[in-house]
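Trainee: Predicted model and sequence below, questions to follow.
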Amino acid sequence: MALILLACTVNLAAAEETANRVQTKPCDKIQYPPESLRLSEEGITEIGFLIGTDGIVKKTVILNPSGSATLDRAPQEILSTCVFRPVTSNGQPIPVWASVSYNWFLEADSDMSRVSMRLDLALQKNKDDANALYYYALLKLKHPPSDADQEHARALLKRAADLGHVHAQFKIGQLHEQGIGGPADQAEALRWYKKAAAQGDVFAIQRLEADAPVP
């Protein structure tokens, strides 16, 4: 077995929702799970987490499973060790949802080609696989994305959102709001946020309830 399995990287992307990520107690350092190393498992785990009024993570939810339960479990365990400075509104602490992506890849496969192949096969079997389309969009947005990657990700998210993937509806709203992968369109962003919120997406609900409205 190649020794590349001994050299691996986990990239902790910046949280999408950055209301306040200053930590009063740093998270424990995450490690590539030994079982996943042994099996050469790779993927992207996108996880949402609820920061309570005391700064402790109260709940986690997997927004995009990597394809490995072991990889997905690792960030959930790490987040339970973090303590954040509570987010405040009008001087009072409030609970806030945030999200983060863990990009798990072995050193010799920084492009995550094996993950791409897995998604290609899924889409060959079913071109309307909304989960695979969403996953592919995350892959295209892996830091640092090119302009072409951002445009492709926006198109993939639009397809997934049209197929009913609720968090893709929130994410495509984000891209429209921020002008990523195409021109900014605040009306379209609001439409997608409302659609996702109506189906219970906590991030869309939080965005619509935020003090700073969508322009």
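Mentor: On my side now, so go ahead.
Trainee: Centroid-nearest residue for the chain?
Mentor: Nearest to the centroid of the C-alpha atoms of the chain, with distances taken as Cα atoms, centre = their mean, sits residue 46, at 3.6 Å.
Trainee: List the contacts of the closest residue to residue 131 other than its chain neighbours.
Mentor: Distances taken as Cβ to Cβ, 6 or more residues apart in numbering place residue 165 nearest to residue 131, at 6.9 Å, with adjacent residues excluded. (Each C-beta comes from the backbone N, C-alpha and C, glycine too.) For residue 165, the contact set (Cβ atoms under 8 Å, 6 or more residues apart in numbering) comprises 130, 131, 133, 134.
Trainee: Output the longest strand belonging to the protein.
Mentor: In the chain, taking DSSP state E as the definition, the longest strand is strand 96-106.
Trainee: Partner strands of that strand, with direction?
Mentor: When pairs are called by DSSP bridges, strand 96-106 turns out to pair with strand 8-12 (antiparallel), strand 43-51 (antiparallel).
Trainee: which of those strands has the lowest average pLDDT?
Mentor: Here the lowest mean pLDDT among the strands paired with strand 96-106 goes to strand 8-12, at a mean of 37.
Trainee: Verify the contact between residue 49 and residue 63 for me.
Mentor: No: here residue 49 does not reach residue 63: they are 10.0 Å apart, not a contact under Cβ atoms under 8 Å.
Trainee: Overlap in contacts, those two.
Mentor: With Cβ under 8 Å, 6+ apart, residue 49 and residue 63 have common neighbours residue 99.
Trainee: sorry, back to before: can you tell me how far the residue nearest to residue 131 is from residue 173?
Mentor: From residue 165 across to residue 173, the span is 12 Å (Cβ to Cβ, to the nearest Å).
Trainee: hmm, back to that, following the longest strand of the chain, which helix or strand comes up?
Mentor: Toward the C-terminus, strand 96-106 is succeeded by helix 113-125 as the next helix or strand (DSSP states H and E).
Trainee: Tell me the helix or strand right after that following helix.
Mentor: Note on helix 113-125: by DSSP H and E, the next helix or strand toward the C-terminus is helix 130-140.
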